[in-house]
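J.: this one's sequence-less:
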C-alpha cells in the first residue's frame, strides 16, 4: 500500500493562536486552530507543535509554508527578534521543506529570514488577499478574527492595499485592532446605553467581545478558546455578570432580555467602528458598488452584516479558494474559514508562488 500523501501544511503563527491547514494536491484535508499565548514564551509554541505532530504523524514528509503575526508579542525584544526566533523554532519541526511567506517576495528559506524580516512580519493578510483577489477579481477582503480586523481592497485580481506594515495599515484604516473574542469592551466605547439610559463605561478588563457574541449566540464555541476576563465560567449567567460590570451593575438588576439588548448595543458599537474604516477603505480604493466583501475569520458573521447594510454581495473565502477533499472531516471547511492565512500560504506554496 502506498503511504498517504503528506501534502503541504500551512501555518499562521499568531500572538494568541496558531492556525494550520493541510492541503494535498489543491484539496483541503484538515484545518485546526490552537490557543497559543505567545506573550508567555516560546514554550507555548512548542506545546502547539507537539499537538500538531500527534495530529499529523506524516508531517515529516510534508512541505511547510509559514506566515506569522506573533513577532508583535511583547515577549520579544522587537519585531525582527520575533520573526527570527519564531522561524528558528519552526525549523526544528520535521518536514521536507520549510518556506516563509514574505509577501511580494514570495517564499524565502530559513537562511534568508533575518535579511527579509520586514517582508515576513505580519504578512499573513497579504497571503489571504492574494488568493481572494485571484478569485474575486475586485472587492474587499474582510477578515475579522479574535483580535484584529483586516480590510484589504482587491482590484484587477491583485491586493490593492495602501499600507504594507501594521503601522501603515493602522494609518490607512486597513487594520482595525478589534476582534470578536479578545478585545476588551472598554476599547469599543466610552459611553453606552443600558435600559435606554446613557452610561459611562468602566475602563477595566471586566469583559471582552467574546462575552457579547457568546450571549448573542453568534460566536462558535470552538473559537472561544481563551479564558474569560475573570477566568470564570462561560455560561450565560457568568457572561451576563461580566457584561454588567462594564456599567457598574450586577446581573440581577435586570432581566435576561435587557442583557441581550445590552450585548446588541456593544455589537452596534463594534460594527460602527469596523464599518467606518471599511467605508474609508472602499472610498480610497474607489471600489464600485457591486464589488463584494470576501469574508474570513471567526467573525465572518459580522462581515455578512456589514455587506448587507451596504447592499453588497458577501462571499466566503474558504469556499472560494479551496476544494474540499473527500476524506476531510466534518467541520473542516468552517475551520478553514477561520484559518484563512494558513490555508492561503499552503495553497500558494503548492501553486508555486515564488
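T.: Thanks, I have it. Because the structure is predicted, anything quoted here is derived from the model rather than measured.
J.: Could you find the closest non-adjacent residue to the most centrally placed residue in the chain?
T.: With the centre of the chain defined as its mean C-alpha position, the nearest residue by C-alpha atoms, centre = their mean is residue 145, 3.4 Å away. What sits nearest to residue 145 in space, not counting adjacent residues and going by C-beta to C-beta, 6 or more residues apart in numbering, is residue 297, at 4.3 Å. For every residue, glycine as well, the C-beta is placed using N, CA and C.
J.: which residues sit in contact with the one you found?
T.: 143, 144, 145, 149, 179, 180, 303, 337, 338, 340 (C-beta atoms under 8 Å, 6 or more residues apart in numbering).
J.: Same check on residue 319?
T.: Counting by C-beta under 8 Å, 6+ apart, residue 319 touches 333, 337.
J.: Buried residues in the strand or helix carrying it, which are they?
T.: Secondary structure assigned from DSSP states H and E places residue 319 in helix 317-321. Neighbour-count burial for helix 317-321 flags 317, 318, 320, 321 (criterion: 16 or more other C-beta atoms under 10 Å).
J.: how many neighbours does the residue lying closest to the third one once chain neighbours are set aside have?
T.: In space, residue 320 comes closest to residue 135 once its chain neighbours are excluded; the distance is 4.6 Å by C-beta to C-beta, 6+ apart. The local packing of residue 135 (other C-beta atoms under 10 Å) involves 15 other residues.
J.: Check residue 214 too.
T.: The burial count for residue 214: 24, using other C-beta under 10 Å.
J.: Just to check, it is in contact with residue 224?
T.: Yes - A contact is recorded between residue 214 and residue 224 when judged using C-beta atoms under 8 Å, the distance being 6.2 Å.
J.: joint contacts of those two?
T.: With contacts taken as C-beta under 8 Å, 6+ apart, residue 214 and residue 224 have residue 234 as neighbours in common.
J.: so of the contacts of residue 297, which ones are in strands?
T.: 143, 144, 149 (DSSP state E).
J.: Closest to residue 351 out of these?
T.: In terms of C-beta to C-beta, no member of these lies closer to residue 351 than residue 143, at 20.3 Å.
J.: bridging residues for the closest one?
T.: With DSSP bridges as the criterion, the beta-bridge partners of residue 143 are residue 150, residue 296.
J.: how near is it to residue 352?
T.: Note on residue 143: its distance to residue 352, by C-beta to C-beta, to the nearest Å, is 24 Å.
J.: Show me which of the two is the more surrounded one.
T.: For residue 143 against residue 352, the residue with the higher neighbour count under other C-beta under 10 Å is residue 143, and the figures read 28 against 8.
J.: I figured the more buried one hits residue 127, correct?
T.: No - counting by C-beta under 8 Å, residue 143 sits too far from residue 127 to count as a contact (10.8 Å).
J.: and which of the buried residues of helix 317-321 is nearest residue 75?
T.: Nearest to residue 75 among those, counting by C-beta to C-beta, is residue 317 at 29.7 Å.
J.: Not counting sequence-adjacent ones, nearest residue to that closest one?
T.: Distances taken as C-beta to C-beta, 6+ apart place residue 296 nearest to residue 317, at 4.0 Å, with adjacent residues excluded.
J.: what does residue 39 give?
T.: On the basis of C-beta to C-beta, 6+ apart, the spatially nearest residue to residue 39 that is not a chain neighbour turns out to be residue 73, at 4.5 Å.
J.: List the residues that contact that neighbour.
T.: Residue 73 is in contact with 15, 38, 39, 82, counting by C-beta under 8 Å, 6+ apart.
J.: so what's the third one scoring on pLDDT?
T.: Read it as residue 39. Taken from the predicted model, the pLDDT recorded for residue 39 is 95.
J.: give the contact list for it.
T.: By C-beta under 8 Å, 6+ apart, the residues touching residue 39 are 15, 73, 74, 75.
J.: how does it look with 6 Å?
T.: With contact set as C-beta atoms under 6 Å, 6 or more residues apart in numbering, residue 39 has these partners: 73, 74, 75.
J.: could you redo the contacts of residue 73 as a markdown table and give each row secondary structure?
T.: What follows is the contacts of residue 73, written out as a markdown table (DSSP: H, G, I helix; E, B strand; the rest coil):
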| residue | secondary structure |
| --- | --- |
| 15 | coil |
| 38 | helix |
| 39 | helix |
| 82 | helix |
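J.: among those residues, which two are most distant?
T.: Using C-beta to C-beta, the pair of the contacts of residue 73 lying farthest apart is 39 and 82, separated by 10.7 Å.
J.: All the helices of the chain, in order from the start?
T.: Counting by DSSP state H, one finds helices in the chain at the ranges 42-55, 79-90, 117-120, 124-136, 166-172, 209-215, 236-245, 256-285, 300-309, 317-321, 332-338, 340-350.
J.: gap between the closest residue to residue 97 other than its chain neighbours and residue 243?
T.: Using C-beta to C-beta, 6+ apart and skipping residues adjacent in sequence, the residue nearest residue 97 is residue 63, 4.4 Å away. Counting by C-beta to C-beta, the separation of residue 63 from residue 243 is 45 Å.
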